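Novice: got a sequence here, can you model it:
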Amino acid sequence: MEPAIDSLRNKAAFIGPASEEEDARALSLRWSARVSLTPRILFVNVFALAMLAGGFFYLDSYRSRIVDGRVTQSIREARLIAEAAVAVPPGQRADLAFKLAQDMGARVRIYDKDAKLVIDTRALGLRNFVLQDPDKQDWQQAAARFLDAMIDTVVGTPRAPLYRERSNGLAWPDVRAARAEPAVAATVWRAPDRTPVITAASAFPGGNVVMTTINARDITQTVRVERFRLGVVLLIVAIVSVLLSLFLARTIVRPLRRLARAAVRVRLGRAREVVVPRLPERRDEIGMLARALSDMSLALRARIDAIEAFAADVTHEMKNPLASLRSAVEGMALVKDPELQARLLAIVRDDVQRLDRLITDIAEASRLDAQLSRAKFEPIDLGAMISALITSREARGIERGIRLRFDNQASEPLTLLGEGGRLERVLENLFENAVSFSPEGGVITVTAQREHDFLTVAVEDQGPGVPESAREQVFRRFQSLRPAGEAFGKHSGLGLAIARTIVEAHQGTIVVEGRADGAEGARLVVRLPARNIT
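Specialist: Next up, the predicted model:
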């Protein structure tokens with residue numbers, strides 16, 4: 001039996017303390033960068049910022065709208081110049097073109113019916129259309145052009161054709177389009193410094209064509225300023241978001257890691273030396289989790305201590321009948337007297353019965369918690385249960401002329417939710433306990449009543465009673481204060497312990513008191529929460 005008890009104790013206790021290397025290895029497996037919450041929090045917040053970066057797409061559409069508006073304006077200006085050229089004599093067209101080009105900030109060219117250039121405001125000395133050489137600009141402009149090219153690639157902006165001067169008027173697509181059908185045409189070009197160049201042409205009577213050219217640097221400058229502002233805002237928001245993410249990760253991940261380390265150390269066999277942090281300053285869900293884990297570890301530690309104590313008690317209780325049984329068996333081999341052999345054989349039978357009773361009660365006590373956790377509570381009439389149990393006990397016969405009397409003081413059914421078989425076991429244990437302590441011809445009084453939200457059942461006997469100093473002790477396992485004269489080993493000392501376990505599983509209490517009338521005897525009182533069953 002010793003190896004079996006040792007095995008029970010080993011299962012009840014945690015495995016031995018693990019080394020620091022094993023502890024660190026177990027933690028590293030669970031808190032590697034692959035599963036940490038910190039990069040996930042950062043990713044979620046940065047992803048939200050990436051959604052805000054969609055503003056660059058809006059700026060691209062904003063630039064397109066500005067360019068479209070400028071193209072419309074260039075077409076209108078080309079048409080106005082053509083109409084004005086028709087209204088003045090040919091000799092005054094050069095002055096008209098110069099003044100209008102000066103006012104519009106554009107280069108104006110007029111081609112005749114053979115597409116030959118007849119008027120050019122640049123040749124007239126107006127230098128308001130000058131393309132910038134990117135090689136002569138500073139590094140800031142070069143950086144701006146690089147960012148423009150990168151953003152245009154990301155947002156998928158169509159690339160305009162490169163602007164180059166043409167000596168023949170028909171080389172300009174706008175001039176060809178205007179000559180083909182009397183209309184107005186316009187084209188957007190790309191200057192060497194990536195600024196837009198807009199050309200527009202309009203035909204007028206006689207086969208002549210007016211073409212205007214402007215370099216809309218202000219559009220590029222406006223978009224660059226807005227992009228810069230958006231970029232600064234995104235940068236500031238990104239920095240703040242990252243800092244807040246790290247702060248959030250610190251307030252979430254760090255306590256979770258502390259709890260995980262404590263849980264791992266408990267799993268590795270250090271339950272007695274590990275203090276799970278309760279984080280009393282945290283009033284959020286993490287604080288609730290920490291306190292729940294701490295309470296769970298304390299309950300687990302208490303359960304382990306109880307199992308170890310139970311294993312030690314089982315060992316102690318088993319040794320006595322085993323030692324007596326071994327002595328009797330060894331004596332039978334040496335004793336030849338039939339009378340002594342019969343006495344030894346009676347001892348063997350008593351010890352076997354005692355072992356059988358112990359093993360049965362121990363098995364039930366060890367399974368009781370698990371069975372109660374899975375039990376389905378149903379409506380029960382406690383008064384009817386007590387009456388049925390007393391009738392059954394009297395039908396089997398009660399030794400020494402002892403009588404059971406039920407005093408039901410309730411005016412209505414005593415209903416509750418519980419597991420019927422287990423509650424019957426509680427009452428049977430109380431009846432057997434009272435019978436064993438009652439004197440010959442004694443009366444055991446059972447009362448039941450409702451007290452507010454509780455049902456109270458009391459079992460009174462006329463025995464010697466229980467001293468106040470021992471009233472809590474009788475509910476401990478293998479503790480039994482037996483009446484004088486009773487044969488040793490008739491009880492395992494688990495009856496009242498099993499009864500308390502069942503009652504507490506029903507959220508009730510069981511205590512030992514003196515008799516209400518002050519007479520000699522014990523009074524066992526069970527209080528269970530009542531339920532109104534409709």
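Novice: report the buried residues of stretch 251-264.
Specialist: By 16 or more other Cβ atoms under 10 Å, the buried positions in stretch 251-264 come out as 252, 253, 255, 256, 259, 260, 261, 262, 263, 264. For the C-beta atoms, the positions are set from N, CA and C on the backbone; glycine is no exception.
Novice: return the backbone torsion pair for residue 203.
Specialist: Main-chain dihedrals, residue 203, degrees, to the nearest 10: phi -90, psi 150.
Novice: residue 502 - that's part of a helix, no?
Specialist: Yes. According to DSSP: H, G, I helix; E, B strand; the rest coil, residue 502 belongs to a helix.
Novice: so it touches residue 425, yeah?
Specialist: Yes. Using Cβ atoms under 8 Å, residue 502 is in contact with residue 425, at 6.4 Å.
Novice: the two - which one has more neighbours?
Specialist: Between residue 502 and residue 425, counting by other Cβ atoms under 10 Å, residue 502 is the more crowded of the two (24 against 17).
Novice: out of everything not next to it in sequence, what's closest to the more buried one?
Specialist: Nearest residue to residue 502 in three dimensions, chain neighbours excluded: residue 422, at 4.6 Å (Cβ to Cβ, 6 or more residues apart in numbering).
Novice: Three-state assignment for the one you found, please.
Specialist: Assignment for residue 422 (three-state DSSP): helix.
Novice: what's the neighbour count on it?
Specialist: 20.
Novice: now do residue 50
Specialist: Other residues within reach of residue 50 by the criterion other Cβ under 10 Å amount to 12.
Novice: among the buried residues of stretch 251-264, name the ones in helices.
Specialist: Judged by DSSP state H, the buried residues of stretch 251-264 include 252, 253, 255, 256, 259, 260, 261, 262, 263, 264 as members of helices.
Novice: so the fourth one sits against residue 286, correct?
Specialist: Which is residue 256. Yes. Residue 256 is within contact range of residue 286, at 6.9 Å (criterion: Cβ under 8 Å).
Novice: before we move on, back to that, and which of the buried residues of stretch 251-264 is nearest residue 88?
Specialist: Residue 88 lies nearest to residue 252 out of those, by Cβ to Cβ, at 78.8 Å.
Novice: how close does the closest one get to residue 282?
Specialist: Distance, residue 252 to residue 282, by Cβ to Cβ, to the nearest Å: 10 Å.
Novice: what of residue 74?
Specialist: For residue 74, the distance to residue 282 - Cβ to Cβ - is 66 Å.
Novice: do residue 151 as well
Specialist: In terms of Cβ to Cβ, residue 151 sits 45 Å off from residue 282.
Novice: need the distance between the two termini of stretch 108-121.
Specialist: Stretch 108-121 has its terminal residues 6 Å apart, counting by Cα to Cα, to the nearest Å.
Novice: same question, stretch 208-227
Specialist: 42 Å.
Novice: give me the buried positions along it.
Specialist: Neighbour count says stretch 208-227 has 208-216, 219-220, 223-224, 226-227 buried, by 16+ other Cβ under 10 Å.
Novice: just those residues now: which is nearest residue 46?
Specialist: residue 227 (19.7 Å).
Novice: skip the chain neighbours and tell me the closest residue to residue 406.
Specialist: In space, residue 406 comes closest to residue 446 once its chain neighbours are excluded; the distance is 4.9 Å by Cβ to Cβ, 6+ apart.
Novice: doesn't the one you found fall inside a strand?
Specialist: Yes. Membership of residue 446 in a strand is supported by three-state DSSP.
Novice: quick one: contacts for it?
Specialist: 386, 390, 404, 405, 406, 407, 431, 457, 458, 459, 460 (Cβ atoms under 8 Å, 6 or more residues apart in numbering).
Novice: where does the stretch 151-300 of the chain dip in pLDDT?
Specialist: Low-confidence segments of the stretch 151-300 of the chain (pLDDT under 70): 182, 269-274.
Novice: let's see 90
Specialist: Within the stretch 151-300 of the chain, the ranges that satisfy pLDDT under 90 run 151-160, 166-170, 176-185, 192-194, 204-208, 216-300.
Novice: and the helices in it?
Specialist: 173-180, 217-267, 285-334 (DSSP state H, counting those that start in this stretch).
Novice: return the most buried member of the ones you listed.
Specialist: Neighbour counts (mean count of other Cβ atoms under 10 Å) averaged over each of the helices of the stretch 151-300 of the chain peak at helix 173-180, with a mean of 19.
Novice: contacts for it?
Specialist: Helix 173-180 is contacted from outside by 111, 115, 169-170, 183-187, 199-203, 207, 209, 211, using Cβ under 8 Å, 6+ apart.
Novice: same question, stretch 409-424
Specialist: By Cβ under 8 Å, 6+ apart, the list of residues contacting stretch 409-424 reads 371-372, 375-385, 389, 408, 447-450, 455, 502, 505-506, 528-533.
Novice: what does the closest residue to residue 383 other than its chain neighbours show for phi and psi?
Specialist: Spatially, and ignoring its direct neighbours in sequence, residue 383 is nearest to residue 414 (4.5 Å; Cβ to Cβ, 6+ apart). Backbone geometry at residue 414, expressed as degrees, to the nearest 10, gives phi -90, psi 90.
Novice: try residue 516
Specialist: Residue torsions, per degrees, to the nearest 10, at residue 516 are phi -60, psi -30.
Novice: any idea which helix or strand carries the nearest residue to it once chain neighbours are set aside?
Specialist: Excluding the flanking residues, the one nearest residue 516 by Cβ to Cβ, 6+ apart is residue 523, at 6.7 Å. Assigned by DSSP states H and E, residue 523 belongs to strand 522-529.
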